[in-house]
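> this one's sequence-less:
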């Protein structure tokens with residue numbers, strides 16, 4: 001994959017699964033798109049309104065249970081972050097994600113199933129230059145004890161730290177250079193997680209209807225309930241980093257900069273995207289540096 005050219009899919013990629021919150025089965029077809037189109041979600045089940053929802057930070061309308069994007073007609077697409085992370089890792093700039101429901105399927109709770117289906121479809125370069133968002137000045141967002149920042153770097157770096165009272169998680173930290181190989185090796189298979197009492201409360205409120213031990217790492221009484229256990233001892237923080245990779249790709253271009261997240265989630269990820277875009281002196285669009293070739 002050339003860092004200097006935009007890329008799209010070589011052929012359509014099709015998959016199906018349930019939405020973690022709706023519990024509804026959704027069929028998805030990821031289609032190639034023209035240079036400069038970006039990533040656009042298309043609700044094929046919507047009638048009488050614009051079903052196209054561009055994947056941009058300013059389109060994020062809700063972050064409590066995942067990243068939800070919306071267009072000006074009020075059409076939404078939920079839980080986009082794991083698929084967006086796969087697009088980011090595979091350097092897919094342009095694609096149409098046509099889906100017949102309101103939510104991207106959760107699959108196994110990670111990005112690995114999306115990586116697998118996109119690998120089968122293949123990627124192809126396009127006759128257009130790939131531009132990167134280069135961070136020029138440090139931008140920070142703080143909310144109580146939570147913090148995220150973007151600072152200058154000649155590559156995409158990510159550091160993330162979490163702390164939970166449960167001994168099953170505790171304090172975990174990861175610090176990585178993010179590229180295709182490191183994402184595949186270090187983050188792609190790490191699953192979303194939650195505590196049993198939270199899952200039960202969400203179901204009582206009409207959410208998490210599609211959640212199960214097949215797609216969520218569930219913790220109860222300081223133990224992991226999934227029979228197979230964890231895929232990695234620090235799978236929890238690695239999944240938070242995976243989420244951040246997907247949320248940051250809503251910048252609309254790949255990032256040259258360092259992300260530092262402390263106890264952060266989707267809300268702060270979107271806040272730092274908006275904060276960076278709102279400060280024109282803090283970033284610029286630039287071609288790939290020569291050392292990336």
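Received the coordinates, thanks. A quick note: this is a predicted structure, and the numbers were derived from the prediction, not measured.
> list the contacts for the spatially most central residue of the chain?
For the chain, the residue nearest the mean C-alpha position is residue 246 (2.1 Å; C-alpha atoms, centre = their mean). Taking C-beta atoms under 8 Å, 6 or more residues apart in numbering as the definition of contact, the neighbours of residue 246 are 67, 80-86, 88, 111. (Each C-beta comes from the backbone N, C-alpha and C, glycine too.)
> now restrict these to buried residues only.
Among the contacts of residue 246, those classed as buried by 16 or more other C-beta atoms under 10 Å are 67, 80-86, 88, 111.
> how close does residue 44 get to residue 179?
Look at residue 44 and residue 179: by C-beta to C-beta, to the nearest Å, they are 33 Å apart.
> lowest average confidence, helix or strand, in this protein?
helix 196-204 (a mean of 83; mean pLDDT, DSSP states H and E).
> contacts made by that helix with the rest, please.
Looking at what lies outside helix 196-204 - C-beta under 8 Å, 6+ apart - the contacts are 21, 65, 208-209, 211, 216, 218-220, 225.
> so which of those are in strands?
Among those, the members found in strands (DSSP state E) are 218-220.
> for ChimeraX, write the select line for the buried members of those residues.
One line in ChimeraX is enough to select the buried ones among the ones in strands among the contacts of helix 196-204; burial here means 16+ other C-beta under 10 Å:
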select :218,219
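> residue 122 contacts residue 7, correct?
No - with contacts defined as C-beta atoms under 8 Å, residue 122 does not count as touching residue 7, sitting 10.1 Å away.
> can you check the pLDDT for the residue nearest to the centre of the chain?
Per-residue confidence at residue 246 stands at 98 (pLDDT).
> name the helices or strands packed onto the strand or helix carrying residue 41?
Assignment of secondary structure by DSSP states H and E places residue 41 within strand 39-43. Contact here means 3 or more C-beta pairs under 8 Å, 6 or more residues apart in numbering; DSSP states H and E; on that basis strand 39-43 packs against strand 52-54, strand 95-99.
> partner strands of that strand, with direction?
strand 52-54 (antiparallel), strand 95-99 (parallel) (DSSP bridges).
> right, and those - which one's nearest residue 74?
Closest approach to residue 74 among the strands paired with strand 39-43 (C-beta to C-beta): strand 52-54, 10.2 Å.
> list the buried residues for the closest one?
If you call a residue buried by 16+ other C-beta under 10 Å, then strand 52-54 has these buried ones: residue 53.
> show residues contacting that strand.
38-43, 59, 69-71, 75-77.
> how about these in TSV, adding neighbour count and distance to residue 270?
Formatted as TSV, the entries for these read as follows, by neighbours: other C-beta atoms under 10 Å; distance: C-beta to C-beta, whole Å:
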residue	neighbour count	distance to residue 270
38	17	17
39	24	16
40	19	18
41	26	16
42	18	22
43	22	21
59	20	10
69	23	10
70	15	13
71	20	16
75	19	19
76	19	15
77	24	15
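> strands of the stretch 51-200 of the chain, start to end?
Assignment of strands within the stretch 51-200 of the chain using DSSP state E, counting those that start in this stretch yields the ranges 52-54, 60-62, 68-70, 76-77, 95-99, 123-129, 131-135, 139-143, 146-151, 156-163, 171-177, 193-195.
> as a markdown table, these with mean pLDDT and distance to residue 186 would be great.
Formatted as a markdown table, the strands of the stretch 51-200 of the chain follow (pLDDT from 0 to 100; distance: least, C-beta to C-beta, whole Å):
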| stretch | mean pLDDT | distance to residue 186 |
| --- | --- | --- |
| strand 52-54 | 98 | 29 |
| strand 60-62 | 97 | 26 |
| strand 68-70 | 98 | 26 |
| strand 76-77 | 98 | 27 |
| strand 95-99 | 98 | 24 |
| strand 123-129 | 96 | 21 |
| strand 131-135 | 98 | 21 |
| strand 139-143 | 98 | 25 |
| strand 146-151 | 98 | 20 |
| strand 156-163 | 98 | 10 |
| strand 171-177 | 98 | 6 |
| strand 193-195 | 93 | 17 |
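> could I get these in JSON lines, plus columns for distance to residue 11?
Formatted as JSON lines, the strands of the stretch 51-200 of the chain follow (distance: least, C-beta to C-beta, whole Å):
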{"stretch": "strand 52-54", "distance to residue 11": "21"}
{"stretch": "strand 60-62", "distance to residue 11": "30"}
{"stretch": "strand 68-70", "distance to residue 11": "25"}
{"stretch": "strand 76-77", "distance to residue 11": "23"}
{"stretch": "strand 95-99", "distance to residue 11": "12"}
{"stretch": "strand 123-129", "distance to residue 11": "9"}
{"stretch": "strand 131-135", "distance to residue 11": "25"}
{"stretch": "strand 139-143", "distance to residue 11": "38"}
{"stretch": "strand 146-151", "distance to residue 11": "35"}
{"stretch": "strand 156-163", "distance to residue 11": "27"}
{"stretch": "strand 171-177", "distance to residue 11": "30"}
{"stretch": "strand 193-195", "distance to residue 11": "34"}
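> cheers, nothing more for now.
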